[in-house]
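>>> take this sequence and fold it.
(one chain, ligands or ions: 1)
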Amino acid sequence: MNTKYIFVTGGVVSSLGKGIISASIGKLLQARGYKVTIQKFDPYINIDPGTLNPYEHGECYVTEDGMETDLDLGHYERFTGICTTRNNSITTGRIYKTVIDRERRGDYLGKTIQVVPHITDEIKRRMLRSPLPTSPKGEETYSPNHPPLGGQEGGLDFVITEVGGTIGDIESAPFMEAIRQLRWQLGRDAVCVHLTYVPYLKAADELKTKPTQHSVKELQGMGIQPDILVLRTERHLDDALRLKVAGFCNVDLECVVQSEDMPSIYEVPVNMQRQGLDAAILRKIGIPVGETPAMKPWRDFLEKQRNAKREVSIALVGKYDLQDAYKSIRESLNLAGIYNDVKAKIHFINSEEVTTENVASRLEGMAGVVICPGFGQRGIEGKIIAAEHTRIHDIPTFGICLGMQMMVIEFARNVLGYKDANSSEMDSETPHNVIDMMEEQKSITQMGGTMRLGAYECELKEGSKALQAYESEKLKVKSEKLIVSERHRHRYEFNNKYQEEYEKAGMRCVGINPDANLVEIVEIPSLKWYIGTQFHPEYTSTVLHPHPLFMSFIKACLNS
Ligand code: GLN
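Sure thing, here's the model as predicted:
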């Protein structure tokens, strides 16, 4: 079967959950045995979201190959278990950069470079995941107006492309034009799914379809007729309303699907399956629909989720008071909770407000504490105070990236006796730089994409709690070493000069990168669960495979 393309756009308002719908479509097609990938196109000019403030855009998610991406890629991976790459996260900035770099190289042979066709061609190429045409000047086979069709990876049955933003935004117009052209080029091999909002007006006691009609009209004005409409709604939509939408928007009734608010985002795929969203897509493309997959593991998970009533309180000590800023950590805690038959009740504790005086009351009743990742000075003293409190009171504690670094600094200050210990990120002059910049990073002055990013190996030490936590499936034996691979996003690291002192005083370095000898995991073995990881385990926790460290952390919280 040649590759099929599904485009997911959104109308009326943003934040409708296009990412969840895209991930659900991926999941449903995967359940039917198809090989799927999901990619996100964002219309902003940043090259990647790595330099974006989490307050504006939520968490920055990191792929295995070290791309800093939009948090929707986290949904794609958690739902489907696929491994996304830098090809799955594209911005207007990257599109323009490619075109401008090629223009400077002379690839366009003196042509005037324009939004149409040059930018739209580059968008189309990336939507199709075709290789960049190598362009020896004047070579006849090179034709920028006709990028080759067919996914470059080969063997992909479906490529799902989610376009960020809302229909009508000026900045997403080139993406819409690219989709219009591709639909024409691909014929039945392309399907457009449009997500809109049906508001409920309380005063009139009515659900309103007009915004949807306008949104579809806007799409049609750009030459795109949606095949399938997904209506987001807080109230159930009856058949009469769906029929009305179908009639006004030139869409079959069976292709008007509703996405009601669900108690959990993980209910969305089965809700979509119940309404036949995947079947409608297959019919549009002309593929026999066949039997509806049982999705047993997924349904078993949902059953567990529904039954997990007992709550376990976990504190997230961080500086970003915004749900999405620690999205993957929250989801990893939720998932690990469900698999331990409990509901993880997450309490955000603003580290800027934590003091030695109030730490006990702020953390009262918490079964466990996560010390969050981050950058810069703001809020770090509160993280250090929290790490001290949980160490002294033996409360299970999980430090992630900057969180791990704060555990290390706290230990230096209060156990090793280096009162001025710090990270050179916060104080470049500190005489006790227990966290220091990596050698390779010292000459770099640019901000974007310059960190230690993506997956690196970590060797686990025998007898450690960390090793105990890792399941056999994630753990590989390589030349007699016990190795896991985890994703990173940092510039600073544990300063190996101090390793011996830490070990003697009771904090062990139990995970080491075998190639660069960098410390990846620290723990205090005498405590119930006090582990810090330089890497981000939250990026690889999925619905069907929760991360073993989160699993073991929640277990420890339940036993303490
Ligand atoms: N700011 C720290 C560093 O760059 C930690 C980064 C993080 O928490 N992602 O090393």
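>>> from here on, contacts and neighbour counts on C-alpha atoms
OK.
>>> residue 240: how many residues sit nearby?
By the criterion of other C-alpha atoms under 10 Å, residue 240 has 9 neighbours.
>>> in the stretch 1-150 of the chain, which residue sits closest to the ligand?
The stretch 1-150 of the chain approaches the ligand most closely through residue 60 (9.3 Å), counting by C-alpha to the nearest ligand atom.
>>> list the contacts of that residue.
49-50, 54, 68-71, 325 (C-alpha atoms under 8 Å, 6 or more residues apart in numbering).
>>> and these, which two are furthest apart?
Spatial extent of the contacts of residue 60 (C-alpha to C-alpha) is set by the pair 68 and 325 at 14.1 Å.
>>> tell me which of the two has more neighbours.
residue 68 (26 against 22).
>>> pLDDT of stretch 480-491, averaged?
Per-residue pLDDT over stretch 480-491 has a mean of 95.
>>> quick one: it to chain centroid distance?
19 Å (C-alpha atoms, centre = their mean, to the nearest Å).
>>> which parts of this protein sit against the ligand?
Counting by C-alpha under 6 Å from any ligand atom, the chain comes close to the ligand at 373-375, 401-402, 489-493.
>>> in ChimeraX, how would I select the buried members of the residues you listed?
In ChimeraX, this line selects whichever of those come out buried by 16 or more other C-alpha atoms under 10 Å:
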select :373,374,401,402,489,490,491,492,493
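>>> so residue 551 touches residue 334, yeah?
No. At 10.0 Å, residue 551 does not count as touching residue 334 under the criterion of C-alpha atoms under 8 Å.
>>> any common contacting residues for these two?
What both residue 551 and residue 334 touch, as defined by C-alpha under 8 Å, 6+ apart, is an empty set.
>>> quick one: pLDDT of the residue of the stretch 1-150 of the chain closest to the ligand?
At residue 60, pLDDT is 94.
>>> how about residue 379?
Per the predicted model, pLDDT is 94 at residue 379.
>>> that one - nearest residue in space that isn't next to it in sequence?
Spatial nearest neighbour of residue 379, excluding adjacent residues (C-alpha to C-alpha, 6 or more residues apart in numbering): residue 352 at 4.2 Å.
>>> A helix includes the one you found, no?
Yes. Counting by DSSP: H, G, I helix; E, B strand; the rest coil, residue 352 is located in a helix.
>>> hmm, it is touching residue 382, no?
Yes. Using C-alpha under 8 Å, residue 352 makes contact with residue 382 at a distance of 5.7 Å.
>>> who has more neighbours, the two?
The neighbour count for residue 352 versus residue 382, taken as other C-alpha under 10 Å, is higher for residue 382 (24 against 16).
>>> who's in contact with that one?
With C-alpha under 8 Å, 6+ apart, residue 382 has these contacts: 351-355.
>>> OK, contacts around residue 222?
For residue 222, the contacting residues are 176-177, 180, by C-alpha under 8 Å, 6+ apart.
>>> hmm, back to that, quick one: which of the contacts of residue 382 is most hemmed in?
Going by other C-alpha under 10 Å, residue 351 tops these with 25 neighbours.
>>> which residue is the nearest non-sequential neighbour of that one?
In space, residue 351 is closest to residue 382, 4.5 Å off (C-alpha to C-alpha, 6+ apart).
>>> what strand or helix carries the one you found?
For residue 382, the element it lies in under DSSP states H and E is helix 380-392.
>>> how about residue 462?
Assigned by DSSP H and E, residue 462 falls outside every helix and strand.
>>> and it, how close does it get to residue 508?
Using C-alpha to C-alpha, to the nearest Å, residue 462 is found at 12 Å from residue 508.
>>> more neighbours, those two?
residue 508 (21 against 13).
>>> for the more buried one, what are phi and psi?
Taking degrees, to the nearest 10, you get phi -100, psi 150 for the backbone angles of residue 508.
>>> mind checking which of the residues of the chain next to the ligand are in helices?
If you go by DSSP state H, those have residue 402 in helices.
>>> kindly reformat the residues of the chain next to the ligand as CSV containing distance to residue 547.
Formatted as CSV, the residues of the chain next to the ligand follow (distance: C-alpha to C-alpha, whole Å):
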residue, distance to residue 547
373, 17
374, 21
375, 24
401, 16
402, 19
489, 18
490, 20
491, 24
492, 24
493, 23
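>>> so which of the residues of the chain next to the ligand belong to strands?
489-490, 492-493 (DSSP state E).
>>> and which of those is nearest to residue 235?
residue 489 (41.0 Å).
>>> could you give the bridge partners of that closest one?
Here residue 489 sits in beta bridges with residue 453, going by DSSP bridges.
>>> please report how far the closest residue to residue 506 other than its chain neighbours lies from the ligand.
Closest residue to residue 506 apart from its sequence neighbours, by C-alpha to C-alpha, 6+ apart: residue 524 at 6.0 Å. Relative to the ligand, residue 524 is positioned 20 Å away (C-alpha to the nearest ligand atom, to the nearest Å).
>>> ok, residue 524 touching residue 510?
No. Residue 524 lies out of contact with residue 510 (C-alpha under 8 Å); the separation is 9.6 Å.
>>> who's more crowded, these two?
For residue 524 versus residue 510, the count of surrounding residues by other C-alpha under 10 Å is larger for residue 510: 26 against 21.
>>> count the neighbours of residue 260 for me.
For residue 260, the neighbour count with other C-alpha under 10 Å is 16.
>>> look up how far residue 261 lies from the residue nearest to it when sequence neighbours are not counted.
Leaving aside its chain neighbours, residue 260 sits nearest to residue 233 (4.9 Å; criterion: C-alpha to C-alpha, 6+ apart). Distance, residue 233 to residue 261, by C-alpha to C-alpha: 7 Å.
>>> repeat for residue 307
Taken as C-alpha to C-alpha, the span from residue 307 to residue 261 is 19 Å.
>>> and for residue 213?
21 Å.
>>> can you give me the helices for the stretch 51-200 of the chain?
Under the criterion DSSP state H, counting those that start in this stretch, helices of the stretch 51-200 of the chain are mapped to 54-57, 72-80, 92-105, 120-128, 173-186.
>>> next, the buried residues of the last one.
To tie it back to what came earlier, the one meant is helix 173-186. Per 16+ other C-alpha under 10 Å, helix 173-186 contains these buried residues: 174-183.
>>> can you tell me the SS state at residue 467?
helix.
>>> residue contacts, the closest residue in space to it that isn't next to it in sequence?
Leaving aside its sequence neighbours, residue 467 sits nearest to residue 460 (C-alpha to C-alpha, 6+ apart; 5.8 Å). Applying C-alpha under 8 Å, 6+ apart, we find residue 460 in contact with 466-467, 481-484, 510-512.
>>> what's the local residue count around the nearest residue to residue 241 once chain neighbours are set aside?
Spatial nearest neighbour of residue 241, excluding adjacent residues (C-alpha to C-alpha, 6+ apart): residue 209 at 7.9 Å. For residue 209, the neighbour count with other C-alpha under 10 Å is 19.
>>> my read: residue 209 touches residue 245, true?
Yes. Counting by C-alpha under 8 Å, residue 209 touches residue 245, with 6.8 Å between them.
>>> in the stretch 101-250 of the chain, what residue comes closest to the ligand?
For the stretch 101-250 of the chain, C-alpha to the nearest ligand atom, closest residue to the ligand: residue 164, 24.6 Å.
>>> so what's residue 52 up against?
Shown in contact with residue 52 (C-alpha under 8 Å, 6+ apart): no residues.
>>> show me which of residue 213 and residue 261 is the more surrounded one.
Using other C-alpha under 10 Å as the criterion, residue 213 and residue 261 rank with residue 213 on top: 20 against 14.
>>> check contacts around that one.
So residue 213 contacts 245, 248-249 (C-alpha under 8 Å, 6+ apart).
>>> from the residues you listed, which is closest to residue 340?
Closest to residue 340, out of all of the contacts of residue 213 and judged by C-alpha to C-alpha, is residue 245, at 43.2 Å.
>>> for the residue lying closest to residue 88 once chain neighbours are set aside, which residues count as its bridge partners?
Spatial nearest neighbour of residue 88, excluding adjacent residues (C-alpha to C-alpha, 6+ apart): residue 39 at 4.1 Å. Note on residue 39: beta-bridge partners residue 161, judged by DSSP bridges.
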